[in-house]
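next comes the sequence, and after it the predicted model I'd like to discuss.
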Amino acid sequence: MASPAALRELQRELETKADDLNKIQKDISKNHQVRKKYTIQLGENELVLKELDLLSEDANVYKLIGPVLVKQDLAEANANVRKRIEYMSAELKRLDTTLQDLEDKQNSKRDAVLKVQQRIQSLQAGKAKA
């Protein structure tokens, strides 16, 4: 027969595991938001790179710094955009790896929550029969 103390202990364990699961789900949500931001910026920078590739060598290129447009060398602008694309691609890969880890943790926490719920139900069912 299940004691009320054991049942309370299982319910506390369930609460902590559910809280952990919620934290992981929030982290996954944040990861998706950051990923979305980087994906948009990556697309914009790839478009800028295509535009720069269309320019002739003697074309004027300007960079917006604060409220001022500053003339910039085409090769320098090209290099800067390529570096940004490289950085964003690396960040997206890192975010993918983090997301995979978070999803694995989420699945294991979800399984742990289900097991605790089943133990609680079996204890309550045993209590009801007694």
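Everything's here; your move.

from now on I want contacts and neighbour counts done on CA atoms only, so please keep to that.
OK.

how many other residues sit next to Asp27?
For Asp27, the count of nearby residues is 16 (other CA atoms under 10 Å).

can you give me the buried ones in stretch 10-29?
By neighbour count with 16 or more other CA atoms under 10 Å, stretch 10-29 contains the buried residues 10-11, 13-14, 17-18, 20-21, 24-25, 27-28.

center of this protein - which residue?
Residue closest to the average C-alpha location in the chain (CA atoms, centre = their mean): Asn31, at 1.4 Å.

I'd say that one and Asp101 touch.
No. Asn31 lies out of contact with Asp101 (CA atoms under 8 Å); the separation is 11.4 Å.

rewinding a little: tell me the contacts of the residue nearest to the centre of the chain?
The neighbourhood of Asn31, defined by CA atoms under 8 Å, 6 or more residues apart in numbering, consists of 95, 99.

what about it, which helix or strand?
With elements taken from DSSP states H and E, the one containing Asn31 is helix 4-54.

same check, this time on Ser56
With elements delineated by DSSP H and E, Ser56 resides in a region that no helix or strand encompasses.

state the phi and psi torsions of it.
Dihedral pair for Ser56: phi -80, psi 160, per degrees, to the nearest 10.

number of residues surrounding it?
By the measure other CA under 10 Å, the count of residues near Ser56 is 9.

confidence score at Gln121?
Confidence at Gln121, expressed as pLDDT, is 88.

downstream of the helix holding Asn31, the next helix or strand is which one?
Towards the C-terminus, the helix or strand next in line after helix 4-54, according to DSSP H and E, is strand 61-65.

that next one pairs with which strands?
Here strand 61-65 is paired, per DSSP bridges, with strand 68-72 (antiparallel).

can you list contacts of the strand it pairs with?
The contact list for strand 68-72 (CA under 8 Å, 6+ apart) reads 60-64.

can I get it as CSV, trimmed to CA atoms?
These are the backbone C-alpha positions of strand 68-72, laid out as CSV (Å, rounded to 0.1, in the frame of the first residue of the first chain):
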residue,chain,number,x,y,z
VAL,A,68,26.9,59.0,-42.8
LEU,A,69,27.7,57.1,-46.1
VAL,A,70,31.4,56.4,-46.3
LYS,A,71,33.1,55.4,-49.6
GLN,A,72,34.5,51.9,-49.5
